[in-house]
Structure formats: C-alpha cells, structure tokens
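Novice: Return atomic coordinates for the entry below.
(one chain, ligands or ions: 2)
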Amino acid sequence: KVFEIAVIPGDGIGPEVVAEAVKVLNFVTNGGDKEVNLTTYKLGAEHWLETGETLPEETLESLKKHDAILFGAVGAAPGDTRIPSGLIEREMLLKLRFALDHYVNLRPSKLYPGIESPLANPGNIDFIVVREGTEGPYVGNGGSVRTGTPHEIATEVSVNTAYGVERVVRDAFARASQRERKHVTLVHKHNVLVHAGHLWRRTVEAVAADFPEVTHDYLHVDAATIFLTTDPARFDVIVTDNLFGDILTDQAGAITGGIGLSASGNINMSRTYPSMFEPVHGSAPDIAGQQKADPTAAILSVALMLDHLGLSEESKAVERAVEKEITSRQELTDHRTTSEIGDAIVALLA
Ligand code: NAI
Ligand code: MG
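Specialist: Ligands and ions are numbered 1, 2, ... in the order given. As a prediction, this is how the structure comes out:
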C-alpha cells in the first residue's frame, strides 16, 4: 500500500523542521518496500496574508482524502499587527482538529538519556497523556451578556458526552494494555466539577472492567501537577479532558527537556478521517529562517504517524535513531543546524 500523506509546513520554523521530518520519513519508508506519497499544502499566517484564506472548504475536503497529515506549526510573530491575534490557530488548526474528529490528543513524555530535566530527581520519566480533543471547555459553548459593562456575565460551558468520554477513555486503556506497566490515571476535579467529573469517573470504572490486566487510579488535577514535579516516574498513561490535558502536557514537556523534543498526535482512532501529527511547539518567529530550530519534535511526530499507520517497525526505528542521536549530544542542539540534526538522525537509520 502507498500511504497518501498531506504535509502542511506552515509558518516560521514549521517548514524548516518539517523538511527534516520528511527527510526521515522518506528514508525510513523507501528503504523498505513500503512507500509514501507526499502532497504539500500551503496554509498558515503567510498564506493568509497572500490569499486571505485560512482553511478553504476545498482544501479541507482534499485533506480528508489522505491517510495522515504531517503538520509543522502556524502563527504570526507577536506584534505582527497585519494578522488578527489567534486567527490562524482558531480558524485553521482548531477547525482541522474538530472537522477531522481528532478525539485523541496523544502526547508522549519521555526523559531521554542525556537530556537534562529541570527537576532535581526526575527518575525514569516515561508516560503518555491521552487528552480528549473534541469536547470540554474548548467547544465554544458559551457567551457574554452586558459585554464590556461592569455587569458583564461570561460563560464557557464544558461539554462532556458519554460517547465522547467513553471513546477516549477506551483508547487510554487500550494503549495502557500495550505498555509494560499497564496503568491508567484519570485526572479530573470531580470534587468540584461534579457533573462532568462523575461522568468521567463512571466511564473509567465501566471501561476498566473490559481491561482486567490494566490497573487504574484517580488524581485531582491540582494534585497531578504536584506529582508531575515531585514524582513524574509514577505515571504510565494519563487520561484527562481537553483543558486539563492542555495544561498538563505543557508541564510534561517542560520536565522532559522542553519544547524542541515534544511530539504529538491528533488522532481519530475510528479512522473516519486522517489523523494529524505535529511537534507541540509553535512557529518560533524569534529563531525562524536561521536553521536554529531543533527538528527532533517533528521527527518524533513522524514516529507517532508511522505507528498509527501500522508501520510499527519503521516507527520504532525512528525512535531508536532519535534516542541514539540525543544521547550523543553534548548539549541540546550542539550548535548544529536544523538540517545537520536531521542528517545525523538519518545517518543512524542507515
Ligand atoms: P513557540 O513554541 O513558537 O516558541 C516558544 C519558544 O521556544 C521560543 O523561544 C522558540 O524559539 C523556542 N522554540 C520553539 N520550538 C523550538 C525548536 N524546535 N527548537 C528550538 N527552540 C524552539 O511559542 P510562541 O513563541 O508562544 O508562539 C509563536 C507563534 O506560534 C504564535 O503565533 C503562536 O500562536 C504559534 N503557535 C502555534 C502552535 C501550533 O501551530 N501548533 C502551537 C503554539 C504556538
Ligand atoms: Mg497548549
């Protein structure tokens, strides 16, 4: 099978890190008998400035025909007044996640040997966060009355459906069952957020019955942030809602060496639409165009994509090469260029 992959390099360092990710993808697939066919899409802030388009309907329809999407980053430089703040992130990135039903937002956190954690005693950090991606407080369900007056009332209602919670909880248990420690931690705040919280708790109990080999526990989100600092090695699989997951995954990235290494998948496990894989970082306008960006997060996103496509050998090979390359670094980027790091990883795959 030839996999059809859409590539959206985006803005800033997006095209620089995606070029390295594509280098690795081509190498690891064309070396064997599996092939990928890449189609590049121009989207993002630059594209909006040129055309006024964020995500046209035809482009969305065309993206839907692919097996997966590799995404760089989008977004303008802060202070670029030509682009309304957050326009591209909302009308392109968020729109894609909702339109393609990316209900599993997957972010692995691993402290690779050789990487320095800001924690004094990080221990062996190796967990994944399964963040719900299509519901919660991010659905835009709310409003404001008496806007701009001292009597303004603004609401932002979190939406949690039995269907939506169950499918993401089931995914977390399924992933846990494939891991060594087979443990799921539900993170919520059900002592205060009683309605949504209890739906999540009941769902975890019900799904857990189908996975007798997987153990599970529960943490309030505030306690979870403490343990992510004091004892992150305790976590295996964290499952949580859209907002808590957003916050926890930034903290998780910070304790494992930072933004240049964190990969993510926006995954539709029912495979009705293509999943999208991207580095967690943004377009980094401060270092764009200088070959200073670390492409590792983008390359690890390729590993997640290969795994999702069922190419698990290729996925493992990429992760092993990245791990070896990181271990050999003197410091995080060694002052090498973006493409030198990509080349080094390809060399380790050869
Ligand atoms: P950012 O992630 O782009 O940059 C934060 C800091 O980390 C900067 O100092 C940057 O130089 C550094 N950094 C980021 N990626 C790096 C890499 N691969 N190697 C080395 N250093 C790296 O976040 P920021 O500055 O808040 O946002 C910049 C633009 O990106 C904004 O327009 C923002 O809205 C957008 N953004 C887009 C995202 C996406 O496309 N998924 C996610 C986050 C932000
Ligand atoms: Mg975030």
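Novice: What is the burial count for the residue in the stretch 101-250 of the chain positioned nearest to ligand 1?
Specialist: For the stretch 101-250 of the chain, the residue closest to ligand 1 is Asp250, as judged by Cβ to the nearest ligand atom, at 9.9 Å. For the C-beta atoms, the positions are set from N, CA and C on the backbone; glycine is no exception. Counted with other Cβ atoms under 10 Å, the neighbours of Asp250 add up to 13.
Novice: excluding its backbone neighbours, what's nearest it?
Specialist: Val280 (8.0 Å; Cβ to Cβ, 6 or more residues apart in numbering).
Novice: from the chain's centre, how far out does stretch 120-129 sit?
Specialist: A distance of 18 Å separates the centroid of the chain from that of stretch 120-129, by Cα atoms, centre = their mean, to the nearest Å.
Novice: got it, and stretch 51-64?
Specialist: On Cα atoms, centre = their mean, the centre of stretch 51-64 falls 22 Å from the chain's centre.
Novice: Next: stretch 113-121.
Specialist: Mean-position distance between stretch 113-121 and its chain equals 22 Å (Cα atoms, centre = their mean).
Novice: Same question for stretch 17-25.
Specialist: On Cα atoms, centre = their mean, the centre of stretch 17-25 falls 17 Å from that of its chain.
Novice: What average pLDDT does that stretch get?
Specialist: Average pLDDT, stretch 17-25: 97.
Novice: Could you export that stretch as PDB, CA atoms only?
Specialist: What follows is stretch 17-25, C-alpha atoms only, in PDB (Å, rounded to 0.1, in the frame of the first residue of the first chain):
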ATOM      1  CA  VAL A  17      11.600  21.200  10.900                       C
ATOM      2  CA  VAL A  18       9.100  19.600   8.500                       C
ATOM      3  CA  ALA A  19      11.900  19.400   5.900                       C
ATOM      4  CA  GLU A  20      13.900  17.200   8.300                       C
ATOM      5  CA  ALA A  21      10.900  15.200   9.300                       C
ATOM      6  CA  VAL A  22      10.200  14.500   5.600                       C
ATOM      7  CA  LYS A  23      13.800  13.500   5.100                       C
ATOM      8  CA  VAL A  24      13.500  10.900   7.800                       C
ATOM      9  CA  LEU A  25      10.100   9.700   6.600                       C
END
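Novice: which residues sit against it?
Specialist: Stretch 17-25 is contacted from outside by 5, 7-10, 36, 38, 70-73, 279, 293-295, 297-299, 301-302, 305-306, 318, 321, 338-339, 341-343, 345-346, 349, using Cβ atoms under 8 Å, 6 or more residues apart in numbering.
Novice: can you tell me which of the residues you listed are up against ligand 1?
Specialist: 73, 293-294, 297 (Cβ under 6 Å from any ligand atom).
Novice: In terms of helices and strands, where is the closest residue in space to Tyr41 that isn't next to it in sequence?
Specialist: Spatial nearest neighbour of Tyr41, chain neighbours left out: Ile8 (5.0 Å); criterion: Cβ to Cβ, 6+ apart. Element membership for Ile8 (DSSP states H and E) is strand 2-10.
Novice: Likewise for Pro108?
Specialist: Following DSSP H and E, one finds Pro108 within strand 104-110.
Novice: The helix or strand following that strand - contacts with which helices or strands?
Specialist: Counting by DSSP H and E, the next helix or strand C-terminal to strand 104-110 is strand 126-132. Here strand 126-132 touches strand 104-110, helix 162-177, strand 237-240, helix 242-255, going by 3 or more Cβ pairs under 8 Å, 6 or more residues apart in numbering; DSSP states H and E.
Novice: so Val302 touches Val318, yeah?
Specialist: Yes - here Val302 reaches Val318: they are 5.9 Å apart, a contact under Cβ atoms under 8 Å.
Novice: okay, now the residue in the stretch 1-150 of the chain that ligand 1 sits nearest to: neighbour count?
Specialist: Nearest to ligand 1, among the residues of the stretch 1-150 of the chain, is Gly75, at 2.3 Å (Cβ to the nearest ligand atom). Applying other Cβ under 10 Å, we find 24 residues neighbouring Gly75.
Novice: And Pro295, by the same measure?
Specialist: Counted with other Cβ under 10 Å, Pro295 comes out at 31.
Novice: Check which helix or strand Glu319 maps to.
Specialist: Here Glu319 is assigned to helix 312-327, by DSSP H and E.
Novice: quick check: angle from the following helix or strand past that helix to helix 312-327?
Specialist: Later in the chain than helix 312-327, the nearest helix or strand by DSSP H and E is helix 338-349. Counting by axes from the mean of the first three to the mean of the last three Cα atoms, to 10 degrees, helix 338-349 lies at 120 degrees to helix 312-327.
Novice: Tell me the buried residues in helix 338-349?
Specialist: For helix 338-349, the neighbour count (16 or more other Cβ atoms under 10 Å) marks 338, 341-342, 344-346, 348-349 as buried.
Novice: Nearest to ligand 1 among those?
Specialist: Nearest to ligand 1 out of the buried residues of helix 338-349 is Thr338 (Cβ to the nearest ligand atom; 8.1 Å).
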